[in-house]
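J.: Mind folding the following:
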Amino acid sequence: MTARPRSTSAVGRFLSGVGLLLRGLGLYVRSPGLMLLGVLPALISAVLFVTAFVLLAYVVDDLAALVTPFADDWSSTARSLVRVIAGLAFLGLGGLLAVVGFTAVTLVIGDPFYEKISERVEERLGGTPGGVELSFWPSLRRSAVDSLKLVGLSVLVGIPLFVAGFVPVVGQTVVPVIGAAVGGWLLALELTGAAFSRRGRRLPDRRAALRSDRPMALGFGVAVFVCFLIPFGAVLLMPAAVAGATLLARRSLGLPIEER
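T.: This is a model prediction of the structure:
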């Protein structure tokens, strides 16, 4: 049976998920040599995605005008307002895709490093019950396929959020919150991949396990999502996020997360 955090309220379990990221950060601090290796793939991936996002910001005005031709004959104030809203919607969609895509690409690039980080965390917690041996290439291929599925899902979810972003007030308040929740859930699924793969479990197994305590998974994922939006946060915290995700995976599988 899946172990539950001590608090039984949804808010308490959400905060327990946030706490797992903080614990992952603590493991990061105590293993600087290993964790610093995990920064390198994140740095490579960050260069690619920051460049893409800067390019998006550079052309966002043109994109906003392209999708709002109906406003060409409006007054300058009304036209500017609707295109600012459209620009924010584009940037919001770009941010969601950038965070999820960054994580997916980084995990593929740094698969050996993050696998080692996750494995080291499990060793401190008593090992990996039910672990299976996977060779490098099949493991990498499975990781890439699962990551592509999650990126595709983020695109499918991002499109209606993008459209909703045009709604005044709601698009600038409710939609970002929903985007953070969706992004957080997808990050939780992505980052727990190493721990579940070590047990021979694929994406559907991850989804089912994390659903057993969705508030906790969301707490962890949303905390990671918000941290990844901070400049350089994704690069510096990626190894800590992998460590925290290993704790989340063990918790969802009913395994102890106290060091032995």
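
J.: drop to CA atoms for contacts and neighbour counts, all remaining ones
T.: Fine.

J.: what are the ranges of the helices in this structure?
T.: If DSSP state H is used as the criterion, the helices of the chain fall at 10-30, 32-67, 76-109, 111-124, 136-164, 170-191, 193-197, 203-211, 214-229, 233-252.

J.: do you know which of those lies nearest residue 259?
T.: When the helices of the chain are ranked by proximity to residue 259, the top entry is helix 111-124, at 5.5 Å, counting by C-alpha to C-alpha.

J.: Would you confirm that residue 93 contacts residue 157?
T.: No - because the distance of 9.7 Å does not satisfy C-alpha atoms under 8 Å, residue 93 is recorded as not touching residue 157.

J.: the more surrounded of the two?
T.: Between residue 93 and residue 157, residue 93 has the larger neighbour count (other C-alpha atoms under 10 Å), namely 23 against 16.

J.: which residues does the more buried one contact?
T.: Contacts of residue 93 were listed using C-alpha atoms under 8 Å, 6 or more residues apart in numbering, and they are 158-159, 161-162.

J.: next one: residue 241
T.: By C-alpha under 8 Å, 6+ apart, the contact list for residue 241 reads 21, 24-25, 191, 224.

J.: how about those, which pair is most distant?
T.: Pairwise distances among the contacts of residue 241 were taken by C-alpha to C-alpha; the largest, 14.4 Å, belongs to 25 and 191.

J.: who's more crowded, these two?
T.: Set side by side, residue 25 and residue 191 show more neighbours around residue 191, with 28 against 21, by other C-alpha under 10 Å.

J.: how about that one, what does it touch?
T.: 103, 107, 241-242, 245-246.

J.: any chance of those residues in TSV, plus pLDDT?
T.: Putting the contacts of residue 191 into TSV (pLDDT from 0 to 100) gives the following:
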residue	pLDDT
103	89
107	87
241	93
242	93
245	95
246	94
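
J.: Could you export the residues you listed as TSV, including distance to residue 166?
T.: TSV is the format used below for the contacts of residue 191 (distance: C-alpha to C-alpha, whole Å):
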residue	distance to residue 166
103	27
107	33
241	33
242	35
245	34
246	38
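
J.: Those, buried ones only, as a ChimeraX selection?
T.: What follows is the ChimeraX syntax for the buried subset of those, where burial is set by 16 or more other C-alpha atoms under 10 Å:
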select :103,107,241,242,245,246
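
J.: Residue 171 and residue 178 touch, don't they?
T.: No - counting by C-alpha under 8 Å, residue 171 sits too far from residue 178 to count as a contact (10.2 Å).

J.: re earlier: just give me the closest of the contacts of residue 191 to residue 231.
T.: Taking C-alpha to C-alpha as the measure, residue 231 sits nearest to residue 103 out of the contacts of residue 191, at 14.8 Å.

J.: pretty sure the closest one is touching residue 190, no?
T.: Yes - because the distance of 7.4 Å satisfies C-alpha under 8 Å, residue 103 is recorded as touching residue 190.

J.: low-scoring pLDDT stretches of the chain, where are they?
T.: Low-confidence segments of the chain (pLDDT under 70): 1-7, 34, 130-140, 260.

J.: My read is that residue 115 contacts residue 194, right?
T.: Yes - with contact defined as C-alpha under 8 Å, residue 115 counts as touching residue 194 (5.7 Å).

J.: Looking at the two, which one has more neighbours?
T.: Between residue 115 and residue 194, counting by other C-alpha under 10 Å, residue 194 is the more crowded of the two (27 against 20).

J.: How much space separates the more buried one from residue 14?
T.: As judged by C-alpha to C-alpha, to the nearest Å, residue 194 and residue 14 stand 22 Å apart.

J.: residue contacts, residue 195?
T.: Counting by C-alpha under 8 Å, 6+ apart, residue 195 makes contact with 115, 118-119, 246, 249-250.

J.: Give the full set of residues in contact with the residue positioned nearest the centre of the chain.
T.: The residue at the geometric middle of the chain, judged as the C-alpha nearest the mean C-alpha position with C-alpha atoms, centre = their mean, is residue 187 (2.4 Å). If you count contacts by C-alpha under 8 Å, 6+ apart, residue 187 has them with 100, 103, 221, 224-225.
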